[in-house]
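> this is a predicted model, with the sequence first.
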Amino acid sequence: MDGVLYHGDTPIADAFAFMETIADIPHCFITNNPIKLPEQIVEKMARMGFSAPDIEQIITSGEATAQWLNQQKPNFRYFAIGAEGLHKSLQKYGTEDMDDADYVVIGEGAGIDYQTLSMAINLIIKGQAQLISTNPDNTVDATRRGEHWILPGGGALVAPVIAATGVKPTTIGKPYPLLYEMALKRINLAARDCLMIGDRPDTDIQGAASIGMRTALVRTGRFLPGEKYPDNLYKPDIDNNSLTELLELIQA
Ligand SMILES: [Mg+2]
């Protein structure tokens, strides 16, 4: 979403035209950002001028984490560190429990400090809670006073817990398969019949290619026109500078 359709609150050129063009093709949106709830993303898209998607078309790593934990252990107990969206998603399926959590869940946003970190460590080492990370991104892009600003991502926020416990987390977001699998289920298609459009080679493209989806990179986010594609990653089937170019390709 961010880096493909918009930057922060600013739509990317041709994103509207692109969404109109694919309106009748089954599609959904997957994001590693666990901060916003799917309903908040629907609202945000409508506010920016997109025709509002159905809530089922939005899959966030926070929502996916909550649903996955519910499948692993119905009525699970958890302790979570991260912004409100993650807590709200987890509350739908589980119960917060600081004494006897089954899972310690680390998301993004404010919430990590000395106390919450201590709680997480003790629940894992002494209570045998399992460590879950919503997404592996080390940094995420944001805007501050109108300028580009970098925030710590889920990967950076789970790092102190890993350092203190020596435990490796189960990670839900891209490039791991779960978000893609949920998306395929929602649109009821096989991986080979889908095209993943993303702006990050290491997450969007790598994860989709590894489960057999076709992939299109748009160089409007983290990865810029002219940048050399990393040798160690799956190459995208389509490598475009922008949605404008991808649109031309689709319409040709
Ligand atoms: Mg992105």
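That came through fine. Residues are numbered from 1 along each chain as shown.
> following element in sequence after the helix or strand that contains residue 120, please.
Using DSSP states H and E, residue 120 falls within helix 114-125. Note on helix 114-125: by DSSP H and E, the next helix or strand toward the C-terminus is strand 130-133.
> how about that following strand as PDB, C-alpha atoms only?
Extracted C-alpha coordinates of strand 130-133, given in PDB (Å, rounded to 0.1, in the frame of the first residue of the first chain):
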ATOM      1  CA  GLN A 130       5.900 -17.900  22.600                       C
ATOM      2  CA  LEU A 131       7.400 -14.900  20.900                       C
ATOM      3  CA  ILE A 132       5.500 -13.500  17.900                       C
ATOM      4  CA  SER A 133       6.600 -10.600  15.600                       C
END
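> which strands or helices does that strand pack on?
strand 103-106, helix 114-125, helix 154-165, strand 170-171 (3 or more CB pairs under 8 Å, 6 or more residues apart in numbering; DSSP states H and E). (C-beta placed from N, C-alpha, C; glycine too.)
> so for the ion, which of those sits nearest?
Closest approach to the ion among the helices and strands packed on strand 130-133 (CB to the ion): helix 154-165, 13.7 Å.
> buried sites along the closest one?
Residues 154, 155, 156, 157, 158, 161, 162, 165 are the ones in helix 154-165 that count as buried (16 or more other CB atoms under 10 Å).
> middle-most residue in this protein, spatially?
residue 32 (0.9 Å; CA atoms, centre = their mean).
> contact residues of the chain facing the ion?
2, 3, 199, 221 (CB under 5 Å from the ion).
> before we move on, back to that, mean confidence (pLDDT) on the helix holding residue 120, please.
For helix 114-125, the mean per-residue pLDDT is 98.
> check stretch 173-186 too.
Mean pLDDT, computed over stretch 173-186, is 95.
> now it: buried residues?
For stretch 173-186, using 16+ other CB under 10 Å, the buried residues are 173, 174, 175, 176, 178, 179, 180, 182, 183, 184, 186.
> what is the burial count for residue 126?
If you count neighbours by other CB atoms under 10 Å, residue 126 ends up with 8.
> also residue 113?
9.
> rewinding a little: just the closest of the buried residues of helix 154-165 to residue 92, please.
Nearest to residue 92, judged by CB to CB, of the buried residues of helix 154-165 is residue 154 at 19.6 Å.
> which residue, other than its chain neighbours, is closest to that closest one?
Nearest residue to residue 154, sequence neighbours excluded (CB to CB, 6 or more residues apart in numbering): residue 135, at 4.0 Å.
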